[in-house]
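Novice: turn this into a model:
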Amino acid sequence: MTNTTEDVNAVPEAGSAGPLRKTTPRKGRRGKKTSADAGGARNGKTGRSQADAKPAPRKKDRPAIVPREFSKTAAIVDLLRRKNGATAAEIANLTGWQAHSIRGFISGKVTKRMGMTVESTKNKGGERTYRIQTK
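Specialist: Numbers count the residues shown, from 1 in each chain. From the prediction side, this is the model:
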């Protein structure tokens, strides 16, 4: 049995296969850290961790919104200020909105953004009535 040693760095001759180097396959992305490796959850836009992110402004610090004169918001607020308030059907006839849109508008715009307190009641027929509470 004879041992032959071949020079690994030798340039193969043209047309011959020549010696082949053994290489190991690359594993994963080099130099890139995953979010788990980076030390916690990261915010995609800023790259800062959630602990370092600035807190959102408090809703109480914002001024109340006043609706424009002839907007849908002004019309709905006028209906809600009546003594008996307004039913969901009346608001739907005025705006053309569906029930879930009316509920979202009252919850988000009137209650949260405008800072008004809205009272919601159901009559015996199951019809929902909304009314802005006066102090």
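Novice: which of the residues in stretch 116-123 are buried?
Specialist: For stretch 116-123, a neighbour-count test (16 or more other C-beta atoms under 10 Å) marks M116 as buried. Any C-beta I mention is one placed from the backbone N, CA and C, and that applies to glycine too.
Novice: check which helices and strands the strand or helix carrying H100 sits against.
Specialist: Using DSSP states H and E, H100 falls within helix 99-105. Applying 3 or more C-beta pairs under 8 Å, 6 or more residues apart in numbering; DSSP states H and E, we find helix 99-105 packed against helix 88-95.
Novice: and the residue nearest to T95 when sequence neighbours are not counted, how far from K122?
Specialist: Distances taken as C-beta to C-beta, 6 or more residues apart in numbering put K72 closest to T95, at 5.5 Å, once the chain neighbours are dropped. Going from K72 to K122 by C-beta to C-beta, to the nearest Å gives 24 Å.
Novice: hey, where'd the strands end up in the protein?
Specialist: Ranges of strands in the chain, per DSSP state E, are 86-87, 118-122, 128-132.
Novice: same list (those strands) but as TSV, adding distance to L80 and mean pLDDT.
Specialist: Output for those, formatted as TSV (distance: least, C-beta to C-beta, whole Å; pLDDT from 0 to 100):
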stretch	distance to L80	mean pLDDT
strand 86-87	6	94
strand 118-122	7	93
strand 128-132	4	94
